[in-house]
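Asks: My questions concern the predicted model and sequence given below.
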Amino acid sequence: MEFDLHMALVILAAAVATFATRIGGYILITRMKSIPPRMEAALNAVPAAVLTTLVAPAFFIGGWETKLALIVALFVCLRISHTWMLVAAWAVVMAWRHAIGA
Amino acid sequence: MNRADFVEGLRGGSAVALASAPFGALFGALAVENGMSLSEVAFMSATVYAGASQMVGIELFGHNVHAWLIVLSILAVNFRHVLYSAALARYIGHFTPVQKFFTFFLLVDPQFAEAVKRGEAGRPLTFAWYLGFGIIIYIPWVLISVVGGMLGSFIGDPKAIGLDILLPAYFLGIVLGFRKRDNFLPVALVSAVASVLAYHYVGSPWHVSLGAAAGIVLAALLPLPRQMPDLEADALQPEVHEV
């Protein structure tokens, strides 16, 4: 259970940086008197824009089993639920890797 | 503190805690594989508390990259949180400064998504609900990452048991939750293409910030829907959401 001081300081710096991002937008927006409509539209797009960047490259660099699993997950999520989506994606990947190989 | 709201938060957050448990365990396992001790794993999960960036962090630790580059990469991966806290501002105007501190500390992706969903549905965003939702994810996240670190040597290759698909599939689910919004499809498509291009030509983790910026700029440039003045008035009066 050794605790490296250098690594601990880097982790702490990362934590401060993360907290800064989590409070930064609030500080910026509350300093502004009103929110222009275009900024409102931009803010409304944030979740879709950001979260897509966490999915698309995974689809792009992933193997065929990953691509198929994400397509199946898309349909399961639209039709059934989030939980079943995770189960379906996992099942597709496992079935592919054990039947065909990674 | 409203007890019913707190319990409702706990209930909602527990589903997220379950869904994120595999990633917490995976983080711990990979961190130990990259030379971290269990106490460092716990310290990172407890202070940074941001799944994807923790993964990026340990990957860079393992390659002996300069400290400033690790911090900058984590900043890049988490840069979206600037936008989260800006988007959340209209719902938390009534929180005390101490409550806001915890609100921002706990502001991870699903926490943001659920809080905004609740606010948009016109339900009061109370600190009791937010805290319940947050700590039921936070505490298991720290504990499970340590357990993952202990079990790390048994997991071996995460691909062999299909763990690698869960993170992108999970984020896909959250994206789809926003599909009823104005301009969802063009924003998602542009962000997808931009992030893939950035991943290819600039490299990780910049694809997150660059891809997101492309989609957000597009949304700002597209024609505005007609009911905008209402939304603006709403944003100026966060107190209407008070309990």
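Replies: Structure's in. What do you need? Numbers count the residues shown, from 1 in each chain, chains lettered A, B, ... in the order given.
Asks: Find the centremost residue of chain B, please.
Replies: Centroid-nearest residue in chain B, with C-alpha atoms, centre = their mean: B:D109, separated by 2.2 Å.
Asks: Now for the chain, the helix or strand with the poorest mean pLDDT.
Replies: Assuming you mean chain A. Every helix and strand in chain A was compared by mean pLDDT, DSSP states H and E; the lowest is helix A:37-61, with a mean of 85.
Asks: Low-confidence stretches in chain A?
Replies: Residue ranges of chain A with pLDDT under 70: A:1-2, A:102.
Asks: returning to what we had before: and the least confident helix or strand of chain A, what does it pack onto?
Replies: Applying 3 or more C-beta pairs under 8 Å, 6 or more residues apart in numbering or on different chains; DSSP states H and E, one finds that helix A:37-61 contacts helix A:64-79, helix B:80-88, helix B:109-120, helix B:166-176, helix B:184-201, helix B:206-221, helix B:228-236. Every C-beta, even on glycine, is put in place using the N, C-alpha and C of the backbone.
Asks: ok, 6 Å please
Replies: If you count contacts as 3 or more C-beta pairs under 6 Å, 6 or more residues apart in numbering or on different chains; DSSP states H and E, helix A:37-61 packs onto helix B:80-88, helix B:166-176, helix B:184-201, helix B:206-221.
Asks: Need the ones you listed in CSV (columns: mean neighbour count).
Replies: Shown next, in CSV, are the helices and strands packed on helix A:37-61 (neighbours: other C-beta atoms under 10 Å in any protein chain shown):
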stretch, mean neighbour count
helix B:80-88, 25
helix B:166-176, 23
helix B:184-201, 20
helix B:206-221, 22
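Asks: Give me the buried stretch members for the biggest helix by length in chain B, please.
Replies: When chain B is scanned for its longest helix (criterion: DSSP state H), the result is helix B:3-33. Under the neighbour-count criterion of 16 or more other C-beta atoms under 10 Å in any protein chain shown, helix B:3-33 has B:5-6, B:8-10, B:12-13, B:16-17, B:19-33 buried.
Asks: Do that helix and chain A come into contact?
Replies: No - Helix B:3-33 stays clear of chain A (C-beta under 6 Å from any C-beta of the partner chain), getting no nearer than 6.6 Å.
Asks: Pick out the shakiest of the helices and strands packed on helix A:37-61, pLDDT-wise.
Replies: With a mean of 82, helix B:166-176 has the lowest mean pLDDT of the helices and strands packed on helix A:37-61.
Asks: what about that helix, near chain A?
Replies: Yes - with C-beta under 6 Å from any C-beta as the criterion, chain A is reached by helix B:166-176 at B:168-169, B:171-176.
Asks: Which two among those residues are spaced furthest apart?
Replies: B:P168 and B:L176 (12.6 Å; C-beta to C-beta).
Asks: if I pick A:I71, what's in contact with it?
Replies: The contact partners of A:I71, by C-beta atoms under 6 Å, 6 or more residues apart in numbering or on different chains, come to none.
Asks: any idea how far it lies from B:I165?
Replies: Applying C-beta to C-beta, to the nearest Å, the value for A:I71 to B:I165 is 12 Å.
Asks: Chain neighbours aside, what residue packs nearest to A:F60?
Replies: B:V196 (4.6 Å; C-beta to C-beta, 6 or more residues apart in numbering or on different chains).
Asks: what about B:L143, how many neighbours?
Replies: Counted with other C-beta atoms under 10 Å in any protein chain shown, residues neighbouring B:L143 total 16.
Asks: can you tell me the helix or strand for it?
Replies: Assigned by DSSP states H and E, B:L143 belongs to helix B:127-155.
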